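Q: Requesting a structural model of the entry that follows:
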Amino acid sequence: MMVAKVDVTVDYLGMRYPLSANEFVDGTVDPRGFVHLESFHVSQGIPVWRYAVADALLEQRIFMAPGANTAYLSLEVLRAAAPLQVELKPLMGYRDYHSQQRGALPLHAAAQDDGCLIDNAGVPVCRLKAGGARYLAGDTWYWNFQHREEAARGLDVLEDLWGPGTFQANLSPGATFYFTATAEQTEPAAGEEVRQALESQARALIAALPSTAPSWIQTLAVASDQFLVRRGPKEAAAVSVIAGYPWFTDWGRDTMISFPGLTLTLGRFDKAAAILRTFAKVVDRGMLPNRFADAGETLEYNTADATLWMFQAWSQYLDARPDPDLLRELFPTMTAIIHAHAEGTRYGIKVAADGLLHAGEPGLQLTWMDAKHGNEVFTPRIGKPVEINALWLNALEVTVRLAGQLRNDAEKNFALTLLHRAEQSFGRFWNKDLGCLYDVIDVDGANTSDASIRPNQLFAVSLPYSVLSTDRMRAVVDTCARELLTSYGLRSLAPKDPAYLGRYVGDGRQRDAAYHQGTVWSWLLGPFALAHFRVYGDASRAKEFLAPMAEHLAAACIGSISEVFDGDAPHNARGCFAQAWGVAEILRAWNYLDRSISTP
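A: The predicted structure is shown next:
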C-alpha cells in the first residue's frame, strides 16, 4: 500500500486528457478519466486498460515482479498521429491493508538520477523510477479520498495520500514506457524482462492443463499463481498460500483445501512439497495453525479441521508423485497427529467413547464455519460435526494406507483400530426423518442433534473414503442440490431455516452473522460437482455445475473467483474478491471430471 495509485495525464495535439479518477468525501469525482476508457481485459494474468484520446490509443498495464516487492506500470502508444506527453503522479500512503492513511506523515522524496527515493522520517521506504522521464519534485498532501467499498462494509471510508512529485515523458507511436516502484534494496529488473517472464509463466501454467481446457479454466490456472507465496526469508524455501485478497494472510485450513488445485492440478510438485514441509514444521500438540498472524510469527491453533485436511494433501501429493523420502520425513508428524487426537488436545478435540471426534468449547469457533464478532460465536457447532468426522475417517484411512507402505505395523494397527470404531458409529449422523445427515450430533455434550441443513454433510460423499451406502450418498447430494445449490456455490444454510440470512451486507457484525447462515461459498461448488459425479456417474453433467463460473470471471474481480455470494438471488459477489480455495477447488474438480470423461 506504499504506492496507492498513479494518476496518469496525457497531453496530445494541444489538448489535456486526465485518465484517472478519484472520489472525495463530498461526492466529487475528479478527474473523470474513465470517460476515455475504451476497454479493459486481462492478458495472461496482467490487467490491461486501453484509453482513446482523439485519434490516439494508449495501453496501460500494471504488474508485479515474481518474488519481489516491485511493481510496474507500463504505457504503450498503440496509435497516434504525433508524440504524446505523459505525466504520472504517484499517490502514496504508509499503511497495512486493514486501515486507512489519515493525516500527514513525515514522508520525504530525495531526487535521484532516474527518479526519487522515498523515506519515512529518514528510514528508506521505496524507490520510484522511470527511465527516460523527467522527475519534478513535489510535496503535496491530498485529503479525504472516499472509498465506496469500505463504506458498504461499515469500515473507515476516508484516506489521505501524499504526492512526492510527477514524472514526465514524451512517447512516440509504438514506444513503451515503464514506471517502477520498488521496496527492494537491489536494482529492480527491467519492466520488459519482467513482463515477458510473467507471460512465459502464464503459458506454462496453461500448458499444464488438458488440451480440452476452455479459456475460463486457463484463466483460473493463471490466477492460481497469485496465491502461492514465500513465507519468511528466501533461503528458508518455505511456501504458503494466501487465503484471499485483499485482507487475508495464510491460513492452515485454506492452504490445505487449496493445496491440490493450486499445485498438483498444474504439476507444481516442488511447491507442493515445500508447502507440506512448511506446515509440518509448525504442527503442535497434533494441530495445524488456523492462521499466521498479520504481523510477526504468532500462530493461532484454534481449528479442528485444518490438520485433518492436511492428510488429504499428503495423500493426493503422494498419489500424484510418489516420494518415499518425503513420506518417511513426514510420517512421524502424521502419526503424532493421530495419537494427539486419540488422547485429546486443545479445545476439547478428542476421540470420544464411540470412536467419533468431538471438538469445541464455549466461546470458540473451530470448524470452517468460524464467524465470530467480539465474543459472539454465530456457529459454534460444539459436539461432533459431520465434516470433522468425515475428515477423521479419511485421515485414519490415509494413515493406515501409508503405514502399510512403510511396513509400520504398529502405527497401521493403531490407526486401523480407531478407523473401525469410527466407521461403526458414523451411522449416528443419519437423519431418517429428513433423509440426509445431521450437521452436529451430541451437541454441547448432550444426546441431541442439530438437524440444520448445511453443506458440511457433502464431505461424507466428496472425500475419497466414505462409509455411507450408495442410497444415502445419493440422498445427501440430492438434499444439497435441492436446498443449497446455486450457480456460484452452495448456501451455508437452507433458506427455509428460521436462522437463514440471504444477504451478506452491512457492518462487521451484520456480515459475520450472515457469513455461515445462508451466504453462498464458491469453494463448495467443486466438492458438490465431485460428489454428484460419484453418485450419478455422469462427468459431463457434473462439469455443468462449474460452468457458471466462466461468467463470474468477468463480473467481479476480473479473472478470479470471489469468496462468497449472497444466498438470495441475484447472488451478488461479496467478501474477498479473489479467494484461493474458490479458484483451487473449481480447477481441481474440472480437471478431475475432464480426465474422467477422457478415461472412463
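Q: ok, how many other residues are close to S452?
A: Neighbour count of S452, defined by other Cβ atoms under 10 Å: 18. Using the backbone N, CA and C atoms, a C-beta is placed for each residue, glycine as well.
Q: That one should be in a strand, yeah?
A: No - note on S452: no strand contains this position according to DSSP: H, G, I helix; E, B strand; the rest coil, which reports coil.
Q: Tell me which residues touch it, please.
A: S452 makes contacts with 439, 493-494, 497, 499, as judged by Cβ atoms under 8 Å, 6 or more residues apart in numbering.
Q: separation between it and Y438?
A: Distance, S452 to Y438, using Cβ to Cβ, to the nearest Å: 8 Å.
Q: Next one, pLDDT for E300 please.
A: E300 carries a pLDDT value of 87.
Q: I'd assumed A293 was in contact with it.
A: Yes - assessed by Cβ atoms under 8 Å, E300 is found in contact with A293 at 6.9 Å.
Q: chain center to the worst-scoring helix or strand of the chain on mean pLDDT, what's the gap?
A: In the chain, no helix or strand scores lower on mean pLDDT, DSSP states H and E than strand 291-292, which sits at a mean of 84. Offset of strand 291-292 from its chain centre (Cα atoms, centre = their mean, to the nearest Å): 14 Å.
Q: cool, and stretch 511-521?
A: Centre to centre, stretch against its chain (Cα atoms, centre = their mean), the figure for stretch 511-521 is 17 Å.
Q: mind checking the end-to-end distance for it?
A: 14 Å (Cα to Cα, to the nearest Å).
Q: repeat for stretch 243-258
A: Stretch 243-258 end-to-end distance (Cα to Cα) = 9 Å.
Q: Domain-wise, how is this structure divided?
A: 3-185+192-198, 208-598 (automatic domain parsing).
Q: hey, what's P124 bridged with?
A: Taking DSSP bridges as the rule, P124 bridges to D119.
Q: coming back round to it: and the domains of the chain, which is most packed in?
A: Ranked by mean neighbour count, the domains of the chain are led by domain 208-598 with a mean of 20 (mean count of other Cβ atoms under 10 Å).
Q: Correct me if wrong: C576 contacts S560.
A: No - the criterion here is Cβ under 8 Å, and C576 misses it with S560 at 9.4 Å.
Q: what sits against V229?
A: So V229 contacts 239-242, 250 (Cβ under 8 Å, 6+ apart).
Q: Same question for Q185.
A: Counting by Cβ under 8 Å, 6+ apart, Q185 has no contacts.
Q: Assign it to helix, strand or coil.
A: Strictly by three-state DSSP, Q185 counts as coil.
Q: Next up, the contacts around the residue nearest to D254 when sequence neighbours are not counted.
A: What sits nearest to D254 in space, not counting adjacent residues and going by Cβ to Cβ, 6 or more residues apart in numbering, is A243, at 3.8 Å. Contacts for A243 (Cβ under 8 Å, 6+ apart) come out as 227, 249-251, 254-255, 258, 291, 576, 579-581.
Q: closest to L326 among these?
A: T255 (16.9 Å; Cβ to Cβ).
Q: before we move on, back to that, pull up the overlap in contacts between C576 and S560.
A: Counting by Cβ under 8 Å, 6+ apart, nothing touches both C576 and S560.
Q: if we look at the helix or strand where T307 lies, which residues are touching it?
A: Using DSSP states H and E, the element containing T307 is helix 306-320. Here helix 306-320 makes contact (Cβ under 8 Å, 6+ apart) with 251-253, 255-257, 259-260, 263-264, 269, 272-273, 275-276, 279-280, 283, 286-290, 323, 326-327, 330, 334, 337, 388, 391-392, 394-395, 398-399, 401-402, 463-464.
Q: Could you verify my assumption that A183 touches T70?
A: Yes - look at A183 against T70 with Cβ under 8 Å: they come within range, at 7.4 Å.
Q: which residues do those two both contact?
A: Common neighbours of A183 and T70 (Cβ under 8 Å, 6+ apart) do not exist.
Q: and which of the contacts of S452 is nearest L553?
A: L493 (26.7 Å).
Q: Which helix or strand lies directly C-terminal to the least confident helix or strand of the chain?
A: Criterion used, DSSP H and E; the element after strand 291-292 is strand 299-300.
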